[in-house]
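# only the shape, not the letters, is given here:
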């Protein structure tokens, strides 16, 4: 060992002896500098420092001295000699006249102050560096340095993202690839989006960074795995998170170093994942490992990491109800965090919130609220009120949008304390705190680039809305004032169609600002491209055996589209400065507009909220609001499920009487549970009813409910059942805000509205190639669209002429769109709802219109879309948004009224309903009234089997119900009605006497 040490020192000793510099040796400083730079590039910082000192001793000019000080300073920084490094770099700045060297020295000074957690000084030097015209690569590093301070020390992720994006733009302008720098930027952009809770955008960056690290065999592959683990954790993909962290651990221990700081963080994060799946003892084992590494205290952030371990241990023992041990760990965590960060810091707030959870677990709500209030103070710099009844003002909060979670927790604790103590003031404060939190949450959510990230946040927020609604309900029971009903309605509304409403409002905002059509079209196109790629990725991941090689290319494409979207948003905000203010404006409920809608006394609105514990219903009518709740139980959901099954399956000849009894029982039970308590039809006339459903109710046609108990007879007759349909014309809406977004004054047009209709089956053959997507022919659709085609200004395409390309080309020019096609809904993937066009696919389109492709259309001229196909009103359910259906896609594109189907519909019976619908529409009827009368006419003309709701109740109206035609008594209308009647004469004849003998195709 001694020999080896001497061997490695010998060259340095010889160098010192035989090349001792002197002032006379003018060329030597540059030689030493070159050697210092060479050693630095090889991470040999001791040697680099040595040669820099030799260069300094031999330097004659101030320029040589400045360069030597710079090389010495940056080597000293890597050796953790921060004070020496700062002195050397300051000397370099003082001595040099070279602007490039000045910029580099300021950059290194900034990094040295960052290393010792002095972010304000670090940013000062980074900004000074930019004043000296640094080259492009240095601009990359400087902007990255500023971003790091905002990201890791100030926790200002918006500012961090801005500077990382600048750095990335500079990097991409360089001719050469700088893979290490690119990897850092991708990684850090992933961290900013992760910390802003935009987890799906974060995942794009993290996956790109991980692939680059794998391709380049980077030593930073481990930290990329770690970041993937964090993102999977937040996406609730716990198994994937554990795998990612264990990959990171393997990377960190591959060189035999079992006590490096990164390993401690990994152990803490693994513990957090095991805590999520309730394996608290395993979690504690990992926290202890992290604690042991941090206690070695051989790196700058050891104290902060140790505090994290203590906090997580405290949380785990709180869950295990080992409260004394938990309190000890939480005390240590809070002390260390305050000592390291100061009293006001988000990390200190997390420790205070841990104490709030500790006391809540023991039902000590006063103490829990005290700590939660302290967490609020620690988060908001300008807020210092420790009294629980105080909240920050909006001006204090709006720059700290992620603090909505702290406010939510405070409101939840107040609600909890009311349940224990009965103090109604707690409810009042809880409601006001929830209102503040919701406005902040909105500000936070709309900043997300990825819709999936928004959906994840809305899913989390659903429980908070439920507690807020319950607070309003309980407060109203104690103090029956209308304001608490309004607050309840506000929270119910905020829990629905949030993204759809944002899109519709965004379109209106851009229109009012005069945003160019080309810019809006580019934005829609990118949105559609992104949705297509996301759909392809989702479908690939769903396959049991998938082509894993295709996934990276799709992920890379998604990444590129997101970058283009971001550039377009920046362009939009630069061109229209007011756009940002309008986009982020806090939501409100248009109460006056709502009152106007129900002012004539004929319109009633019934809105539901389906929570974990209760289902809330609210009925609004002129001068009256009713608010009701019922506990969630199997007895509530079972009749809904039974009714849905019977509707989807239709009548069975072998079990007709038994199934009829089941239907009558379930349909009346659902009515009693959900309608009768707030809408007693036995004493109330309700000509028009608007329903905003939630949860399982979103898949239910309320028209098919029974308003009276029916005695079962031997041969029950579906024509004679007391359907809700007979009493009310019903329309549905995703939310009141979406519904009220429609300007009724622009609805009505003259009777010469242009109508575009597509039918699946060709007139000549009434058949298609059955092998195409395994679809059956639909002879009823030809009859359906041919009769509609006899309307004035109608344009009809069927069979080979009915192409997806033609639809996309023509749809925006027509006021009414009728699609009698095959349809398919996907209850898992929200982007995979499809309408099938029968024409042969072309180079532009594959004949399958996905719901996301409608994002590229602007149906601002369309007044009504009739989606006469299977399952166009169903799809996957997303909390906070509702059903992702094909109908929602048309609403997204701007269509105010959509008639859609809730299950697989029968083309023969559909062809009997549609003529009446259009006849009434073209006579100026409201859409809901026309659909109601068309269904009632069908029931009246059907036999007792075919009057089963399975054949007529599937089609429902979503959206605006006001007339699409202002009828004028002209001669041509009579001709149109006659033509429709003649076109449907054949399809009106019953094909069979028994329902079981009929096997018409479904759409």
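Good, I have the coordinates. Just so it is clear, the structure is predicted and the values come from calculations on it, not from any experiment.
# distance of the residue nearest in space to the middle of the chain from residue 199?
Of all residues in the chain, the one closest to the mean position by CA atoms, centre = their mean is residue 454, 2.0 Å from it. In this view, residue 454 and residue 199 are 10 Å apart by CB to CB, to the nearest Å. The way it works is simple: take the backbone N, C-alpha and C, and place the C-beta from them, glycine included.
# same deal with residue 806?
Taken as CB to CB, the span from residue 806 to residue 199 is 40 Å.
# and if you look at residue 171?
Using CB to CB, one obtains 25 Å as the distance from residue 171 to residue 199.
# and the residue nearest to the centre of the chain, what does it touch?
Going by CB atoms under 8 Å, 6 or more residues apart in numbering, residue 454 touches 445, 448, 498-499.
# go again using 7 Å as the cut-off
445, 448, 499 (CB atoms under 7 Å, 6 or more residues apart in numbering).
# more neighbours, residue 171 and residue 199?
Shown here are residue 171 and residue 199; by other CB atoms under 10 Å, residue 199 has more neighbours (25 against 21).
# now do the closest residue to the more buried one other than its chain neighbours: how many residues are near it, please.
Nearest-residue entry for residue 199: residue 234, 4.8 Å, with adjacent residues in sequence omitted and distances by CB to CB, 6 or more residues apart in numbering. Counted with other CB under 10 Å, the neighbours of residue 234 add up to 17.
# so residue 234 is in contact with residue 200, correct?
No - using CB atoms under 7 Å, residue 234 is not in contact with residue 200, being 9.9 Å away.
# doesn't residue 900 fall inside a strand?
Yes - according to DSSP: H, G, I helix; E, B strand; the rest coil, residue 900 belongs to a strand.
# that one reaches residue 958, doesn't it?
Yes - counting by CB under 7 Å, residue 900 touches residue 958, with 6.1 Å between them.
# where do the contact lists of the two overlap?
873, 887.
# in the helix or strand where residue 483 lies, what counts as buried?
Using DSSP states H and E, residue 483 sits within helix 482-494. Residues of helix 482-494 classed as buried by neighbour count (16 or more other CB atoms under 10 Å): 484-485, 487-494.
# same check, this time on stretch 628-636
628-629, 636.
# ok, now stretch 422-429?
Neighbour-count burial for stretch 422-429 [16+ other CB under 10 Å]: 426-429.
# follow-up on the earlier one: mind pulling up the pLDDT for the residue nearest to the centre of the chain?
Here the pLDDT value assigned to residue 454 is 91.
# tell me where the stretch 301-450 of the chain has helices.
302-319, 323-341, 346-361, 365-379, 394-397, 404-421, 424-445 (DSSP state H, counting those that start in this stretch).
# and those as CSV, adding distance to residue 690 and mean pLDDT?
Converted to CSV, the helices of the stretch 301-450 of the chain look like this (distance: least, CB to CB, whole Å; pLDDT from 0 to 100):
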stretch, distance to residue 690, mean pLDDT
helix 302-319, 45, 97
helix 323-341, 51, 98
helix 346-361, 40, 98
helix 365-379, 39, 98
helix 394-397, 32, 94
helix 404-421, 30, 98
helix 424-445, 24, 96
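# how distant is the helix or strand encompassing residue 68 from the center of its chain?
For residue 68, the host element (DSSP H and E) is helix 62-78. Mean-position distance between helix 62-78 and its chain equals 49 Å (CA atoms, centre = their mean, to the nearest Å).
# cool, and stretch 939-957?
With CA atoms, centre = their mean, you get 38 Å for stretch 939-957.
# then stretch 110-123?
Using CA atoms, centre = their mean, the offset of stretch 110-123 from its chain centre is 35 Å.
# that stretch: end-to-end distance?
Chord length of stretch 110-123, first to last residue, is 6 Å (CA to CA, to the nearest Å).
# who touches that stretch?
Residues contacting stretch 110-123 (CB under 7 Å, 6+ apart): 77, 82, 85-86, 125-126, 129, 145-146, 148-149, 153-154, 300.
# and the residues you listed, which of them are in helices?
When DSSP state H is applied, those are split such that 77, 82, 85-86, 125-126, 129, 145-146, 148-149 fall in helices.
# of these, grab the buried ones for ChimeraX.
Buried subset of those, written as a ChimeraX selection, criterion 16+ other CB under 10 Å:
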select :77,82,85,86,125,126,129,145,146,148,149
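# include distance to residue 406 when you put the ones in helices among the contacts of stretch 110-123 into TSV, please.
Output for those, formatted as TSV (distance: CB to CB, whole Å):
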residue	distance to residue 406
77	37
82	35
85	39
86	37
125	33
126	31
129	36
145	30
146	27
148	25
149	24
